[in-house]
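> Structure for this input, please:
(2 chains)
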Amino acid sequence: MNTMTRLVKNRIALAGLIIISLYVVIIVVSFFWLPFDPMEMNPELMLQKPSLSSGHIFGTDEFGRDILSRVMKGSAVSLMISILATLLGATFGILMGIWAGFLGGRWDNVIMRIADILFSFPSLLLAIFIMAILGENNANIIIAIGIVYIPQFARISRGAIIALKSNEFVRAARSNGAGSSYILFNHLLPNSIAPIIVQISLSLSVAILLESALSFLGLGIQPPEPSWGNMLSSARKVMMLAPWTAIYPGLAIVTLVLGFNLLGDGLRDILDPRLRNVR
Amino acid sequence: MENKTLLEVKDLKVHFPIQKGIIFKRNAGFIRAVDGVSFSVRKGESLGLVGESGCGKSTTAMAIAQLQSLTAGSVMFEGTDLTALKKEDLQKMRMNFQIVFQDPYSSLDPRMRAIDLIAEPMRIYAKRGLLALTESEIEAKATSLMDVCGLSPTFKGRYPHEFSGGQRQRIGIARALSLEPKLILADEPVSALDVSIQSQILNLLKDLQQQFDLTFLFIAHDLAVVEYFCSRVAVMYLGHIVETASSQQLYHDSLHPYTQALLSAVPLPDPINARKRKRIILEGDVPSPSKIHKGCPFVERCPKAMKQCSLTPPRLKEVSPGHEVACFLYE
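Now for the predicted structure:
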């Protein structure tokens, strides 16, 4: 059985995969068609209740903009930021962690102390700090969240590598003439993939939350361009009057986060041969 | 048995620095894990290396295999000094000596199938162009090695966690054999196994020795295992070899007080014999290996210690053919 068939057979992973593919479909559709213009203000249609007859299935916000269109438009931004930020953080973090863990000694100390410094700030505070330095811009959101992630990935991959390094199979490989890079790529990395996958799935979802939080604070995606975070932020003022303005972007965040977490959990089980035939 | 020397270890020392301080590390002395060990292994024999835990026997094996950097000494394998080899040359030489590890659980990569584990060394060397085998030949050889080591080739797609401890050790042995080595360093290959499985594995190793003309350096703390498996035995204490002899000589006519104490502690299956035996019970604990000994390392616990024992270190001396002992009682 290859990984793909196992993925389909694993119900948890499959559920996550379905949720994520659903969002991908929505994003693709949003490029070509949206029910209404997500930016167009229409004061006459302010804070309309969700109804099928008016065409505003999710209702409208305080400027009369269609919430469904805005949620759809925002999903592309949110997903892109979460994937790119995770990719950035994971690439640099894992490289640093492997370097520190595999070489050990002085480099380990230097790299991990830098990671500790980054770690000592709450992640949201660090992201706000970086955004304040870099300025408000979509690319900078990715960089800010990515930097927040670097120490997390570094620490996890370093820990995994150090734990594995002491295993006798590493010694065995060395006695069989294997070089360091061979051992790293053929023994250490495949065995440390489980915690890294879990961290990636967690990071994908936390990135959405971080982006939402940044946008909520006015540091992320700038209005009128919609993102789930700034939609929630502007809904705050009218939430008691028109709860749908907050519920739908919130639901969008919840389901996508859930999708990533389910996929991550499933993938971890699928990639571990020890859990393969367990029912 | 031929009399050609395959492996010669001369004055091997492995000292580990004891580091203190978190940021500014300084050395606070050394752990003298192996402190001047010399012995040689003849082609076709199996030399047992025994001693209690912490006496440096595993470190000796790892230093011979160049998996542990040595502080001093030389390791001559068929006349080449392994310690002086360049990295590439050493990697080439590694084909000739392979290790069977103690723990069959951590010595196999949990993500590799049995066949891949056995084939891995051959693949590494084939990729370097040091082994003229095609992928299908490698697979065929790995499969036949499974058979040789008592594993059904139908298990080749299984992962390590699907095997028992004994079966895993068989995989480890098959892997060690895959490059057709001349010397096998067996680092306590049976001490992690049940007694019933131990004998199976020992018999397998004996058969393989005949079949492939192997030489063994067999490390163990179980004296019964060593008596059964080895033709010659070296006894280690605190990083030193105190006595070497043939199995026969050692078990019936041991000379060094430490060896005598060690042998008197071997459990006897017959309780009547066990009651009749006089046990030598040593006082105190093994001293810290970070201590520098002026004289004999065993002097503090030796029941027969003399004045000169704490002044100068005794040297290994041949007292009868093939029987060497480092003790002033026999000088």
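
> okay, CA-based contacts and neighbour counts for the rest of this
Will do.

> ok, now which ones touch residue 157?
Looking at chain A here, since you left the chain open. The contact partners of residue A:157, taken as C-alpha atoms under 8 Å, 6 or more residues apart in numbering or on different chains, are A:93-94, A:97-98, A:101, A:192, A:195-196.

> sorry, should have said chain B
Residue B:157 neighbours (C-alpha under 8 Å, 6+ apart): B:113-115.

> which among these gets closest to chain A?
residue B:113 (9.5 Å; C-alpha to the nearest C-alpha).

> Next, give phi and psi for that closest one.
The phi/psi pair for residue B:113 (degrees, to the nearest 10) reads phi -80, psi 160.

> That one is in contact with residue B:156, isn't it?
Yes: using C-alpha atoms under 8 Å, residue B:113 is in contact with residue B:156, at 6.7 Å.

> what about these two, which has more around it?
Using other C-alpha atoms under 10 Å in any protein chain shown, the more surrounded residue of residue B:113 and residue B:156 is residue B:113, with 20 against 17.

> okay, now residue 183: neighbour count?
Went with chain A since none was named. Counted with other C-alpha under 10 Å, residues neighbouring residue A:183 total 17.

> Oops, wrong one, chain B.
Residue B:183 has 27 neighbouring residues, counting by other C-alpha under 10 Å.

> Phi, psi for it please.
The phi/psi pair for residue B:183 (degrees, to the nearest 10) is phi -120, psi 140.

> for residue B:219, helix, strand, or coil?
Put simply, residue B:219 is strand when judged by DSSP: H, G, I helix; E, B strand; the rest coil.

> What's the separation between it and chain A?
Residue B:219 is 16 Å from chain A, where distance means C-alpha to the nearest C-alpha, to the nearest Å.

> What distance do you get for that residue to residue B:97?
Taking C-alpha to C-alpha, to the nearest Å as the measure, residue B:219 falls 15 Å from residue B:97.

> just residue B:10 next, same as before
Residue B:10 is 18 Å from residue B:97, by C-alpha to C-alpha.

> between these two, who's got more neighbours?
residue B:97 (22 against 16).

> check contacts around whatever residue of the stretch 1-150 of chain B ends up closest to chain A.
Nearest to chain A in the stretch 1-150 of chain B, going by C-alpha to the nearest C-alpha, is residue B:107, at a distance of 4.0 Å. Residues near residue B:107 by C-alpha under 8 Å, 6+ apart: A:167-172, B:101, B:172.

> Repeat that for residue A:89.
A:145-150, A:153 are the contacts of residue A:89 under C-alpha under 8 Å, 6+ apart.

> Using the three-state scheme, assign the closest residue to residue A:61 other than its chain neighbours.
Among residues not flanking residue A:61 along the chain, residue A:47 sits closest, at 4.9 Å (C-alpha to C-alpha, 6 or more residues apart in numbering or on different chains). Here residue A:47 is coil, with the state taken from three-state DSSP.

> So residue A:47 is in contact with residue A:59, correct?
Yes: between residue A:47 and residue A:59 there is a contact under C-alpha under 8 Å: 6.9 Å.

> These two: which has the busier surroundings?
Using other C-alpha under 10 Å as the criterion, residue A:47 and residue A:59 rank with residue A:59 on top: 25 against 22.

> Give the closest residue to the more buried one in space, chain neighbours not counted.
Excluding the flanking residues, the one nearest residue A:59 by C-alpha to C-alpha, 6+ apart is residue A:50, at 3.7 Å.

> Per-residue pLDDT of that neighbour, please?
In this model, residue A:50 is scored at 79, pLDDT.

> Need the three-state assignment for it.
Looking at residue A:50 with three-state DSSP, the answer is coil.

> Tell me which residue lies nearest the centroid of chain A.
Taking C-alpha atoms, centre = their mean as the criterion, residue A:204 is the residue nearest the geometric centre of chain A, at 1.4 Å.

> Now do the same contact list for that residue.
Neighbour list for residue A:204: A:82-83, A:86, A:257, A:260 [criterion: C-alpha under 8 Å, 6+ apart].

> separation between it and residue A:146?
Counting by C-alpha to C-alpha, the gap from residue A:204 to residue A:146 is 11 Å.

> Residue B:142 now?
Distance from residue B:142 to residue A:146, by C-alpha to C-alpha: 45 Å.

> Helix or strand: which one has the residue of the stretch 1-150 of chain A found nearest chain B?
Here the stretch 1-150 of chain A gets closest to chain B at one residue, residue A:109, 8.7 Å apart by C-alpha to the nearest C-alpha. Secondary structure here is read from DSSP states H and E; on that basis residue A:109 sits in helix A:105-119.

> And residue B:47, by the same measure?
Judged by DSSP H and E, residue B:47 forms part of strand B:46-50.

> strands paired with that strand, and their directions?
Sheet partners assigned to strand B:46-50 using DSSP bridges are listed as strand B:215-220 (parallel), strand B:232-237 (parallel).

> Do a quick rundown of the helices in chain A.
A:3-9, A:11-32, A:67-103, A:105-119, A:123-134, A:138-165, A:168-175, A:180-183, A:189-191, A:193-216, A:228-235, A:244-271 (DSSP state H).

> For residue B:48, which of those helices is the nearest?
helix A:168-175 (20.7 Å; C-alpha to C-alpha).

> Name the residues that touch the closest one?
For helix A:168-175, contacts defined as C-alpha under 8 Å, 6+ apart pick out A:164, A:183, A:187, B:65, B:67, B:94, B:98-99, B:101, B:103, B:106-109, B:121.

> List the ones among those that fall in helices.
Per DSSP H, those map to helices at A:164, A:183, B:121.

> Contacts only, for the nearest residue to the first one once chain neighbours are set aside.
Distances taken as C-alpha to C-alpha, 6+ apart place residue A:188 nearest to residue A:164, at 6.4 Å, with adjacent residues excluded. Contacts of residue A:188 were listed using C-alpha under 8 Å, 6+ apart, and they are A:161, A:164-165.

> ok, these vs residue B:61, which is closest?
Closest to residue B:61, out of all of the contacts of residue A:188 and judged by C-alpha to C-alpha, is residue A:165, at 19.1 Å.

> returning to what we had before: output the contacts of residue B:157 as CSV; include the columns distance to chain A and pLDDT.
What follows is these, written out as CSV (distance: C-alpha to the nearest C-alpha, whole Å; pLDDT from 0 to 100):
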residue, distance to chain A, pLDDT
B:113, 9, 92
B:114, 13, 93
B:115, 15, 94
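
> Report all helices and strands that the helix or strand hosting residue B:137 contacts.
Counting by DSSP H and E, the element that carries residue B:137 is helix B:135-148. Judged by 3 or more C-alpha pairs under 8 Å, 6 or more residues apart in numbering or on different chains; DSSP states H and E, the packing partners of helix B:135-148 are helix B:114-127, helix B:165-177.

> Kindly recompute the last result at 7 Å.
Packing partners of helix B:135-148 (3 or more C-alpha pairs under 7 Å, 6 or more residues apart in numbering or on different chains; DSSP states H and E): helix B:114-127.

> Quick one: residues contacting residue B:81.
B:74-75 (C-alpha atoms under 7 Å, 6 or more residues apart in numbering or on different chains).

> So for residue B:328, what's the nearest residue that isn't a sequence neighbour?
Nearest to residue B:328 is residue B:314, by C-alpha to C-alpha, 6+ apart, at 6.1 Å.
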